[in-house]
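> Sharing a model that was predicted from the sequence below.
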Amino acid sequence: MDDLKSRRGFIAGTAASFGLLAGCTESTNSSSGTSNTNTSDSADDETSGQTEQEPGSQTGSMEGSWTTFQYDSNRSGFAPSEEGPEPIADATTAWTHGVSTRTYPPSCPIVNGTQVFVTTYGGSVRALDLATGEQQWRFEVPSDVYATPTVDDGTVYVGSTDRNLYAINSETGEENWSYRTGFPVNQPVATDEEYVYFTGATGPKGGFVEKLTKDGKQEWRHDMTQYSSYGNDVEAGPSLGESHVFIGSGRKTQSSTFVAISKSSGNVDWTFETDEYEIDADTYQTATVVEDVVYAPLGGPDISPGHLYAFNTQDGSLIWEYETEQGHTLNKACAATNDAVYILEEPANGSNDSTLRKLNAEGGSTEWQATLSTSDPRCTPSIVSDSVYVGTLQVDRDSGEKYGAVGGEPSFSESCVTQGNLITHGGGGYKLWRTE
């Protein structure tokens, strides 16, 4: 049954001064729980809305677009019309917005127009000015927010560990509605023209996929616990195809299931069971959809090798399978175009370097690989123009040549790239890099 309620949205006028500007809209089944705009670090162990601008940084209007995790609801990670700082090695920090960095994996900043939307470990969603980093508003949540937000048609959608999904007005920071999920929502929301899709974990042995209208009414919920007698974890967000929602679940050394759910009915159209292939199972990461192919990464911190499956979106037929080198796994979403798939292979035991690998989309063969000097990358690869970005590192997408990184040494934290800007979430909070 729907559980819609309204809560208070809060607007912070500037980074230095916060004013309580937003009102409260209540319905007959609303909850009157209180929220407060924090003005000290003690509330959530953060630097509360403080933005540091570098001398000479831009103060005018600037626009960009990167509205959800991996750029779009297909989770393609491919932004053909965007561009990063050039040359990358000359980029400097334009502004820093300090927040706690205890979130793991860190959420990704997203951009819509002149605004940057970020979430924090201490329980807030914030809108920043893209050009200056100044905080425009801050929406308080009574529990941690791990999820990357999604913005669509003037609304920011984000889940929380407080077991709610929030819809927030992107301009004012006021709450449009909230939906009581019953369980934490720690993965990014996906949207299409009319609906909102999200996943939740019901504990160590279960999860679900749910579809809402854009005014917060439930259409259907699909239970993922039915696919294994052992119970399956859901650690991925939904990925949208033309007619399906794709999601995987799994449980270490037991079984894993990848599922294509009808967007209209919520019924399953096809499944892929990994225990049929006699491999050590783990959990599926967020899938990537490119036209009639869906790429499903399967792996985990202690499972090696990892696997990447390429399925036909309509009937689930297996097109090809890639297996990582022994000692490595797949623990992140991939990025893909019509011609190529880019994956990030991590050491399963954390003792070796990671590998960025380009696979041919037709058969899954390796075209090049590049060694990354980290055993713990906290980011997903993304494709921007003629480059692949892994955190702050820029790599030529055709040859694998490393162009360099902002600040000289690469930082492998979540990032987005838009209109000559690179925005990261890592040590020190959120940072915007650009060349002047």
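Thanks, I have the structure now.

> Excluding chain neighbours, what is closest to the residue positioned nearest the centre of the chain?
Among the residues of the chain, the one closest to the centroid is Phe69, at 3.4 Å (C-alpha atoms, centre = their mean). For Phe69, ignoring the flanking residues on the chain, the nearest one in space by C-beta to C-beta, 6 or more residues apart in numbering is Pro188 at 3.9 Å. Using the backbone N, CA and C atoms, a C-beta is placed for each residue, glycine as well.

> before we move on, which element is that neighbour in?
Using DSSP states H and E, Pro188 maps to neither a helix nor a strand.

> quick revisit: which residues sit in contact with the residue nearest to the centre of the chain?
Applying C-beta atoms under 8 Å, 6 or more residues apart in numbering to Phe69 gives the contacts 75, 108, 110, 148, 150, 188, 237, 286, 333, 380.

> how does it look with 6 Å?
The contact partners of Phe69, taken as C-beta atoms under 6 Å, 6 or more residues apart in numbering, are 108, 148, 188.

> Next: His97.
Taking C-beta under 6 Å, 6+ apart as the test, what His97 contacts is 51, 128, 133, 429-430.

> For it, give me the pLDDT.
At His97, the model reports a pLDDT of 94.

> For Gly316, the count of nearby residues, please.
16 (other C-beta atoms under 10 Å).

> about what we covered before: list just the nearest of the contacts of Phe69 to Thr337.
Nearest to Thr337 among the contacts of Phe69: Cys108, at 19.7 Å, using C-beta to C-beta.

> hang on, isn't the closest one packed against Ser415?
No. If you go by C-beta atoms under 6 Å, Cys108 and Ser415 don't touch, sitting 7.1 Å apart.

> Give me the below-cutoff pLDDT ranges for this protein.
For the chain, applying pLDDT under 70 flags the ranges 1-62, 100-105, 203-205, 228-233, 250-255, 275-282, 301-302, 350.

> just to revisit the earlier point, look at the residue nearest to the centre of the chain and give its secondary structure.
coil (DSSP: H, G, I helix; E, B strand; the rest coil).

> That one and Asp398, how far apart?
Distance of Phe69 to Asp398, computed by C-beta to C-beta, to the nearest Å: 25 Å.

> that older thread, ok, how many other residues are close to the residue nearest to Phe69?
For Pro188, using other C-beta under 10 Å, the count is 27.

> and the gap between it and Thr371?
Taken as C-beta to C-beta, the span from Pro188 to Thr371 is 29 Å.

> repeat for Leu240
Look at Leu240 and Thr371: by C-beta to C-beta, they are 33 Å apart.

> more crowded one of the two?
Leu240 (20 against 11).

> List the contacts of the nearest residue in space to the more buried one that is not next to it in sequence.
Nearest non-adjacent residue to Leu240, counting by C-beta to C-beta, 6+ apart: Ser73, 4.4 Å away. Residues near Ser73 by C-beta under 6 Å, 6+ apart: 190-191, 240.

> From these, pick the one nearest Glu409.
Glu409 lies nearest to Ala190 out of these, by C-beta to C-beta, at 34.0 Å.

> neighbours of that closest one, just the number please.
Residues near Ala190, counting by other C-beta under 10 Å, number 28.

> got it, and Thr181?
23.

> can you tell me which residues contact it?
Neighbours of Thr181 in contact, by C-beta under 6 Å, 6+ apart: 163, 165, 200.

> what's the first one sitting at in phi/psi?
Translated: Arg163. Dihedral pair for Arg163: phi 70, psi 30, per degrees, to the nearest 10.

> Just list the residues touching it, thanks.
181-184.

> try 8 Å
By C-beta under 8 Å, 6+ apart, Arg163 lies in contact with 180-185.

> which ones among the residues you listed are found in helices?
Applying DSSP state H to those, no entry is found in helices.

> Format these as a markdown table; extra columns: distance to Gly207.
Converted to a markdown table, those look like this (distance: C-beta to C-beta, whole Å):
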| residue | distance to Gly207 |
| --- | --- |
| Arg180 | 17 |
| Thr181 | 11 |
| Gly182 | 12 |
| Phe183 | 8 |
| Pro184 | 10 |
| Val185 | 10 |
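
> Generate a PyMOL selection restricted to the buried entries among these.
Selecting in PyMOL just the buried members of those, where the criterion is 16 or more other C-beta atoms under 10 Å, is done with this command:
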select buried, resi 180+181+183+184+185
